[in-house]
Every structure is written in structure tokens, then in C-alpha cells.
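Student: quick one, structure for this:
(one chain, ligands or ions: 1)
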Amino acid sequence: MNVDGKKYRTIWLAADGASVEIIDQTKFPYAFEIAKLHTMEDAAHAIRVMQVRGAPLIGATAAYGVALAMRADPSDASLDAACSALLQTRPTAVNLYWALDRARKTLIQVAPEGRADAAFVLANDICDEDIAINMAIGMHGMDIITAIARTKREGEPVNILTHCNAGWLATVDWGTATAPVYMAHDSGIQVHVWVDETRPRNQGAFLTAWELGHHGVPHTVIADNAGGHLMQHGEVDMVITGTDRTTATGDVCNKIGTYLKALAARDCDLPFYVALPSPTIDFSLSDGIREIPIEERSGTEVSRMTGRTDSGAIETINIVADGSPVGNPAFDVTPARLVTGLITERGVLGANRQSLAEAFPERVRVSA
Ligand SMILES: CSC[C@H]1O[C@H](OP(=O)(O)O)[C@H](O)[C@@H]1O
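Tutor: I've put the predicted structure just below:
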């Protein structure tokens, strides 16, 4: 996307042809900084500490991490070690697993002397594929927004609530949940986005708000707990979120708090859509609540808050009573029964096994 007139992806091969550059998302919303990854360990660290985050971007970063490892040592042992180390960075986003599986299967077929170049080509292919998928999701999702716009009075925007950041910062470009929003906005449809701040990492307040603001999309940041009230009072026309892993039956794993928004939307008879790129579908799973691994992150993400003081300093403070234990599950699972539709690159699908299997038959055969 454009940032102050310059086009960016979230990750790219540096001009030196050997290192990888990323937008360091831990610096938002107060700074836009580029960080350089020189080694596989740098890539693993970037994923672990969320300099890069979002299922598709995690997968792309892992692919570049393997490429950096092959540049250093293209042996079979190095390939195995790199895939193993990167796989252990975060457990929930399935894109991490499939990107590494794809890298391993591709590169093991290549002579060691050719692996580094092949790995960088693969990483770039994964990035290009992500952009194409997200643009298709954008087109299919824009149809939904357009249909809602036809029901609104002149001058009234389509009010969309989203949770966390499933924007272009969570992918290589365009985003998943935000792609329909950007495309609708760019086509002249009036939209307004309620942006859940998304405690405790504040991906909404820090990332989604930053993205929408830079694209000129009207939005309002709200406390996570405000969404249900807005839905009850007719202030929300639809909810759209991303996902980190969706099962073959349509159960959706996403940032903690998503399930509560789906419950409120159902109670208010509002559509709850999930933008779902096919690499995020895990056809090997059927019961999301029981089977999807939920990342438990450090309690300090809940008990401490980093922000900018009135004097402009970036500081971290404690916001929980001293000595109180803190829990921090980073994701939850929304059962398929609460999902209105899955917006994929192949169309808007029902949240059920048959719809997903019919749309992606080649994936079902592989996982069978
Ligand atoms: C398009 S994937 C976005 C997805 O990833 C986020 O998780 P995290 O920021 O912890 O990587 C969140 O669940 C978003 O919906």
C-alpha cells in the first residue's frame, strides 16, 4: 500500500540481494521504521516478538527465513534446522506450518548449491500469491459491502466493525478483512469502520487505525467492550475479521475477543464475515475449539502498556495490581454456526465442510 506517496509491501528482499527488509510493527503507531533481517534467527525473532505478525505475513517471513538459512548453509541439516526453529516461533497461524512445509518439499528437491536462489524465489512467489489472494478477497467482499450500501439512506456510510488487524500490515499487501474495505472506499462507496482497539497488543488501535488513517478511510477506534452496545443501537451493519486458522468445518480461530463479537452479532441479527485466504484453511482439523493450538503469550502484555507521553517519550507502565497473576490467551475460536460467510479468493462460502471442500477440492484430497 501507499505510505506517504511511496508503495510498500510489509516484507521484501533488500537492495543488497542478500538480506530481507520488514516494516517493524512494534514501532507503530508512533514511528514507521524498517528493520533488516540478515539471518534465519533474525526472521525467527521478528515473528516471535511480533515485529511481523498476521498469519499470511508470518508465513512469508518464515519462507524468507529459510532463504536466509540456505544462503548461510544449504545443507539438508541446515534446511531441517531452519524449518524446525521457525516452526516453533508461534503455534496458531497455520500459514507458518504450510509455508515451511512448502519450502522443505521444494528445496529438498534442489541441489544444495542452488537452494539459496530457489528459496528466495519461493519466498517472493509466496508474497505474490498472497497479494493476488487478498485482491480477490477484496473484490468478493466488496460485493457484500455494495449490497449493504444499497440499503442505506443517502449520505449514510456502511458501518463495519473489525477486530484486531487483518489489514495490509497482517499480510504482504491489501490485507484480508481490510481488502474489501479499501476496494469499496476506493470505488466511492461510503464506509466507516469501527476499530476494536484489541487488547492487549492493541493491533486495532496501533495498526488498523494507522492503516485506515493513511488510506483516508473514515474510522473510529473503540474499546473492545463497546462493540456489542453499538450493534444493539443500529450503529453496525456488518462485522468482518481475519483468521489465523480455519478448520475444514468452518470453525474460525482469530485474535482473542473475536468470538465475543460473533456472539453479539448473532444476538443482534447482524452478518459476521471472515476474510479467509485459502492457505489459512487447515483441512486436517474438524473441531476448532478442541484441536487448534491457542498461543498463550506473556502476561506482561496484559499487565504493562507502552505508549507515548504528552512530552513525546515512549514509555511502558504497569497497569495491573502488583503481584496479581495474569493470563493472556492470544486467540479464540468462533464456531462455524456463528459465521455468516467465509470470504475467500474463490468466492463467499458457507462456513461448512461441503462449501470448503467444493471450493478447494485439491486441498481436501491432499489432507485426506
Ligand atoms: C490476516 S491474519 C490477521 C490475524 O492475525 C492476528 O494475530 P497476530 O496479530 O497475533 O498475529 C489477528 O488474529 C488477525 O486477525
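
Student: who touches residue 176 in this structure?
Tutor: By CB atoms under 8 Å, 6 or more residues apart in numbering, residue 176 lies in contact with 56, 134, 137, 166, 170, 242, 243, 275, 276, 277, 343. Glycine gets a C-beta too; all of them are placed from N, C-alpha and C.

Student: could you find the closest non-adjacent residue to it?
Tutor: Spatial nearest neighbour of residue 176, chain neighbours left out: residue 275 (3.7 Å); criterion: CB to CB, 6 or more residues apart in numbering.

Student: these two touch, right, that neighbour and residue 137?
Tutor: Yes: counting by CB atoms under 8 Å, residue 137 is a contact partner of residue 275 at 5.3 Å.

Student: within range of the ligand, give me the residues from the stretch 151-300 of the chain.
Tutor: 164, 165, 166, 170, 171, 176, 203, 241, 242, 244, 254, 255 (CB under 6 Å from any ligand atom).

Student: where does this structure dip in pLDDT?
Tutor: The chain contains residues with pLDDT under 70 at 365-368.

Student: gap between residue 243 and residue 67?
Tutor: 26 Å (CB to CB, to the nearest Å).

Student: the residues of the stretch 151-300 of the chain next to the ligand in strands, which ones?
Tutor: Those of these mapping onto strands are 241, 254, 255, per DSSP state E.

Student: hang on, isn't the second one packed against residue 334?
Tutor: Yes: at 6.8 Å, residue 254 counts as touching residue 334 under the criterion of CB under 8 Å.

Student: now do the shared contacts for the two.
Tutor: Common neighbours of residue 254 and residue 334 (CB under 8 Å, 6+ apart) are residue 274.

Student: now for residue 222, how many residues are close by?
Tutor: 18 (other CB atoms under 10 Å).

Student: which residue ranges of the stretch 101-250 of the chain form strands?
Tutor: 158-162, 191-196, 219-222, 238-241, 245-247 (DSSP state E, counting those that start in this stretch).

Student: put the alpha carbons of the longest one into PDB.
Tutor: So the one you mean is strand 191-196. Output of strand 191-196 as PDB, limited to C-alpha atoms (Å, rounded to 0.1, in the frame of the first residue of the first chain):
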ATOM      1  CA  VAL A 191     -17.800   3.200   4.500                       C
ATOM      2  CA  HIS A 192     -16.900   3.800   8.200                       C
ATOM      3  CA  VAL A 193     -15.000   1.300  10.300                       C
ATOM      4  CA  TRP A 194     -15.400   0.700  14.000                       C
ATOM      5  CA  VAL A 195     -11.900  -0.300  15.000                       C
ATOM      6  CA  ASP A 196     -11.700  -2.500  18.100                       C
END
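
Student: buried ones in it, by neighbour count?
Tutor: The neighbour-count check on strand 191-196 (16 or more other CB atoms under 10 Å) flags 191, 192, 193, 194, 195, 196 as buried.

Student: quick one on the thing from earlier: okay, and the common contacts of residue 275 and residue 137?
Tutor: Joint contacts of residue 275 and residue 137 (CB under 8 Å, 6+ apart) are 176, 179, 180, 343.
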